[in-house]
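Enquirer: Structure of the sequence below:
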Amino acid sequence: MKKRLVALFAIMFSSILVLSGCKGSGSQETITAVGSSAAQPLVELAGEEFTKSNPNQYVNVQGGGTGTGLSQIQQGAVNIGNSDLYAEQKKDIDASKLVDHRIAAVGMVPVVNKDVKVKSLTIKQLRQIFSGQVKNWKQVGGQDLPITIINRADGSGTRASFESDVMNGTPFVRSQEQDSSGMVRQIVYNTDGAISYLAMPYLNNTVKTIAVNNVEPTIENIENNTWKIWSYEHLYTNGKPTGMTKDFLDFIMTKHVQQNVVKKMNYVPINEMKYEKDYKGNVTPVSKGVK
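Expert: The predicted structure follows:
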């Protein structure tokens, strides 16, 4: 009986240590990053690399979109809010209370079903398509085939970036909307005449990319601002980061991660950008010596 009581107290004590988040030997420390689906693959892989070097520290990464990321970090519900937008661009977000950590740039790329016989469109033509003015591919040099628009859902940073750089104030036509980049890609693949847009890391050979003004979406063209449809990947913290959150953000900015994770996943390392874009959309050359 006495041995049973001792064992029972030992189990209870161990449970209390776990529930209280004790950081003793062998315990796990976790931070949570939530938001942009465009940033999600990058933050996930960076988190895995971080855990390899810090086995008892884990980065829990979730999607939900830029709006969710900014809302959650503003409320202090998570450690990091992932965003494709500046906090200043999002209504109901007090950017003055958040700290911006720009870790990469990313291109947003028009994609179509592989049977669409169009290789390049102008910004004006893209605007006409997504606003509903152009409804058939024959109107922009393709075959006689109705255009099916697949849009991202309101609240998506990818959508907001595309809207800012392409639509220029012209509203989207009502169309099917999807929360997930992966689902957008799948629907475009399965739908005759479909068009949408994806962040570059989501591109694969199931869909066809469209050049814009005969410019291809490449890392170099984004660096030089020759490819005009791009945004930053922002990781926001509520105030100055500390502890594991700071360690993780510092880790992402190391040369190893920027070259072996960021660049290899088709994001642009932030220090290689030759142009910068402010929250109003103004693009200027990066000042010499300023990263």
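
Enquirer: do you know how far Gly107 is from Asn113?
Expert: Distance, Gly107 to Asn113, by C-beta to C-beta, to the nearest Å: 20 Å. For the C-beta atoms, the positions are set from N, CA and C on the backbone; glycine is no exception.

Enquirer: what about these two, which has more around it?
Expert: Neighbours of Gly107 and Asn113, each counted by other C-beta atoms under 10 Å, are more numerous for Gly107; the result is 25 against 22.

Enquirer: residue contacts, Glu216?
Expert: Thr209, Trp227 (C-beta atoms under 8 Å, 6 or more residues apart in numbering).

Enquirer: cool, the one 3 residues further on as well?
Expert: By C-beta under 8 Å, 6+ apart, the residues touching Ile219 are Lys263, Asn266, Val268.

Enquirer: What does the pLDDT read for the nearest residue to the last one once chain neighbours are set aside?
Expert: Once its chain neighbours are removed from consideration, Val268 has its nearest residue in Ala105; the separation is 4.1 Å (C-beta to C-beta, 6 or more residues apart in numbering). pLDDT, the model's per-residue confidence, is 96 for Ala105.

Enquirer: and Ala105, how far is that from Gly193?
Expert: Distance of Ala105 to Gly193, given as C-beta to C-beta: 31 Å.

Enquirer: what do you get for Val59?
Expert: To Gly193, Val59 is 40 Å away according to C-beta to C-beta.

Enquirer: And those two? Which one has more around it.
Expert: Between Val59 and Gly193, counting by other C-beta under 10 Å, Val59 is the more crowded of the two (23 against 19).

Enquirer: Checking my notes, the more buried one in a strand, right?
Expert: Yes: applying DSSP: H, G, I helix; E, B strand; the rest coil, one finds Val59 inside a strand.

Enquirer: which residues does it contact?
Expert: By C-beta under 8 Å, 6+ apart, the contact list for Val59 reads Thr30, Ile31, Thr32, Ala33, Val43, Glu44, Ala46, Gly47, Phe50, Thr51, Phe248.

Enquirer: which residues does it bridge with?
Expert: Val59 has these beta-bridge partners by DSSP bridges: Ile31.

Enquirer: buried residues in the host helix or strand of Lys124?
Expert: Here Lys124 sits within helix 123-130, counting by DSSP states H and E. Neighbour-count burial for helix 123-130 flags Gln125, Leu126, Arg127, Gln128, Ile129, Phe130 (criterion: 16 or more other C-beta atoms under 10 Å).

Enquirer: cool, stretch 62-81 as well?
Expert: Neighbour-count burial for stretch 62-81 [16+ other C-beta under 10 Å]: 62-74, 78-81.

Enquirer: Isn't Lys240 up against Leu98?
Expert: No: contact criterion C-beta atoms under 8 Å: Lys240 and Leu98 do not qualify, at 10.6 Å.

Enquirer: between the two, who's got more neighbours?
Expert: Neighbour totals were compared for Lys240 and Leu98, and Leu98 leads with 21 against 8 (other C-beta under 10 Å).

Enquirer: so where's the chain uncertain?
Expert: Low-confidence segments of the chain (pLDDT under 70): 1-26, 288-291.

Enquirer: Report the residue ranges of every domain in it.
Expert: Under the assignment automatic domain parsing, the domains of the chain span 29-106+230-285, 107-223.

Enquirer: Now do the end-to-end distance for stretch 230-247.
Expert: The first and last residues of stretch 230-247 sit 27 Å apart, counting by C-alpha to C-alpha, to the nearest Å.

Enquirer: Then stretch 218-235?
Expert: End residues of stretch 218-235 are separated by 23 Å (C-alpha to C-alpha).

Enquirer: List the buried residues for that stretch?
Expert: By neighbour count on 16+ other C-beta under 10 Å, the buried set for stretch 218-235 is 219, 221-223, 225, 227-235.

Enquirer: likewise stretch 103-119?
Expert: Within stretch 103-119, judged by 16+ other C-beta under 10 Å, the buried ones are 103-113, 116, 118.

Enquirer: Show me where the stretch 151-291 of the chain has its helices.
Expert: Applying DSSP state H, counting those that start in this stretch to the stretch 151-291 of the chain gives helices spanning 157-162, 181-190, 219-223, 243-252, 255-257.

Enquirer: who's in contact with the shortest one?
Expert: Put plainly, it is helix 255-257. With C-beta under 8 Å, 6+ apart as the test, helix 255-257 has contacts from Ala46, Glu49, Phe251.
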